[in-house]
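Trainee: turn this into a model:
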Amino acid sequence: MIDFKLDNKKVTWDTSRPLLTKGSSNIKLNKSEKYGVYSTMGLHLAPADMSGYNVCPKASKGCKKACLTFSGQGQMYQQGKLYDSRLHTARAGKTVLLKEDRRLFFTKLKQELDKFLRKCTKLDTLPAVRLNCTSDVAWENVKDPATKKNIMELYPEIQFYDYTKIIARLNKELPSNYFLNFSRSESNEEETMEALEMGVNVTAVFKNGLPDNYKGYRVVDGDKTDLRFLDNKIFKNKTGKGVIVGLTPKGWKAKQDTSGFVINSHEGIEFNLQNAA
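Mentor: Sure thing, here's the model as predicted:
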């Protein structure tokens, strides 16, 4: 058991509970399993500094408000009382465990990934894991205390992938089995353009449908699957530049966003494919 505070109230999370969520039980991840090729797992931490530890260092105000943590079952809590939600308590507990007892965290994570790999062998599917479903941890820098290796090094047979707003992560060599795409917010437009020019795909949230392109870059439908590492194969791009992976708002907070985090497709969008492949 681990005790901590959530919204200034003492709560407890049972550390015997699993860290990872099955793809089949998560709406977003489940989209990736419908084709029968990949099996998926995801880690949901408490975003931003909700747990007392900031795991989203580049989160904007709009990003925090529209966060996926408040979609699906994450919407089911009384306003301002996250401690009344078992889901949010669990996500915060996992975050506290990562920060305060990394050895136990990695022991649990390795056990769950070993079990996941056995499942994939039985189903004859490929394993894919997203560790930042609701966070932006630089997992390439997080070492297992027992082996001094990161999780990608420990499991080269697994395809790991994440979204990030930390553009510095895109400028360094990552493990070959770790794919990142950049995530746009209302306050990182310059970095968004930089990532696209680097050839990195960028996710952006649109309301009122997806446009053909955004600021001259092709927009593709990112809601069909969450397997972002396949985008370059599915959406062939001959320009050498990245594409915009368009997503729709998830959860009532995102749907009511006015910060600019969610882009209104009816305002200021160029409907031409001049720079698109």
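
Trainee: so the closest residue to Trp13 other than its chain neighbours is in which element?
Mentor: Ranked by C-beta to C-beta, 6 or more residues apart in numbering and with sequence neighbours excluded, the top spatial neighbour of Trp13 is Gly93, at 2.6 Å. Where you see a C-beta, it was placed from the backbone N, CA and C, and this is true even at glycine. Taking DSSP states H and E as the definition, Gly93 sits inside helix 86-100.

Trainee: identify each buried residue in the next helix or strand after that helix, please.
Mentor: Beyond helix 86-100 in the direction of the C-terminus, DSSP H and E gives the next helix or strand as helix 102-123. Taking 16 or more other C-beta atoms under 10 Å as the neighbour-count basis, helix 102-123 is seen to contain the buried residues 102, 105-106, 108-110, 112-113, 116, 120.

Trainee: what packs against helix 102-123?
Mentor: strand 20-22, strand 38-43, helix 86-100, strand 126-130, helix 151-154 (3 or more C-beta pairs under 8 Å, 6 or more residues apart in numbering; DSSP states H and E).

Trainee: can you list contacts of the second one?
Mentor: This means strand 38-43. Taking contacts as C-beta atoms under 8 Å, 6 or more residues apart in numbering, the residues outside strand 38-43 that touch it are 19-23, 26, 29, 32-33, 94, 109, 112-113, 116, 119-120, 123, 125-133, 135, 159, 226-227.

Trainee: count of residues packed around Asn201?
Mentor: Asn201: 24 surrounding residues under other C-beta atoms under 10 Å.

Trainee: out of the helices and strands in this structure, which is least certain?
Mentor: helix 27-30 (a mean of 65; mean pLDDT, DSSP states H and E).

Trainee: nearest residue to the middle of the chain?
Mentor: In the chain, the centroid-proximal residue (C-alpha atoms, centre = their mean) is Cys133; its distance is 3.4 Å.

Trainee: now do stretch 63-72, average pLDDT.
Mentor: Taken as a whole, stretch 63-72 has an average pLDDT of 59.

Trainee: cool, and stretch 2-10?
Mentor: Here stretch 2-10 scores 81 as its mean pLDDT.

Trainee: Tyr155 contacts Leu113, correct?
Mentor: Yes: Tyr155 is in contact with Leu113 according to C-beta atoms under 8 Å; the separation is 5.7 Å.

Trainee: any regions of this structure where pLDDT drops low?
Mentor: Under the criterion of pLDDT under 70, the regions of the chain flagged as low confidence span 24-30, 64-85, 236, 252, 266-277.

Trainee: just the strands in it please.
Mentor: 2-6, 9-13, 20-22, 38-43, 126-130, 159-164, 178-183, 202-207, 213-214, 217-221, 244-247, 262-264 (DSSP state E).

Trainee: right, so of these, which gets closest to Lys238?
Mentor: If you check each of the strands of the chain against Lys238 by C-beta to C-beta, strand 217-221 wins as the nearest, at 10.5 Å.

Trainee: of all the residues in that closest one, which ones are buried?
Mentor: Within strand 217-221, the residues that count as buried by 16+ other C-beta under 10 Å are 217-220.

Trainee: okay, those in TSV with distance to Arg184 next?
Mentor: What follows is those, written out as TSV (distance: C-beta to C-beta, whole Å):
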residue	distance to Arg184
Tyr217	11
Arg218	14
Val219	11
Val220	14
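
Trainee: name the nearest of the residues you listed relative to Val142.
Mentor: Distances from Val142 to those, taken as C-beta to C-beta, are shortest for Val220 (30.6 Å).

Trainee: need the nearest residue in space to that closest one, chain neighbours excluded.
Mentor: Leaving out its chain neighbours, the residue that sits closest to Val220 by C-beta to C-beta, 6+ apart is Phe235, at 4.5 Å.

Trainee: how far away is the one you found from Lys224?
Mentor: Computed as C-beta to C-beta, to the nearest Å, the Phe235 to Lys224 distance reads 10 Å.

Trainee: Leu126 is in contact with Cys120, isn't it?
Mentor: Yes: proximity of Leu126 to Cys120 meets the contact threshold set by C-beta under 8 Å, at 6.8 Å.
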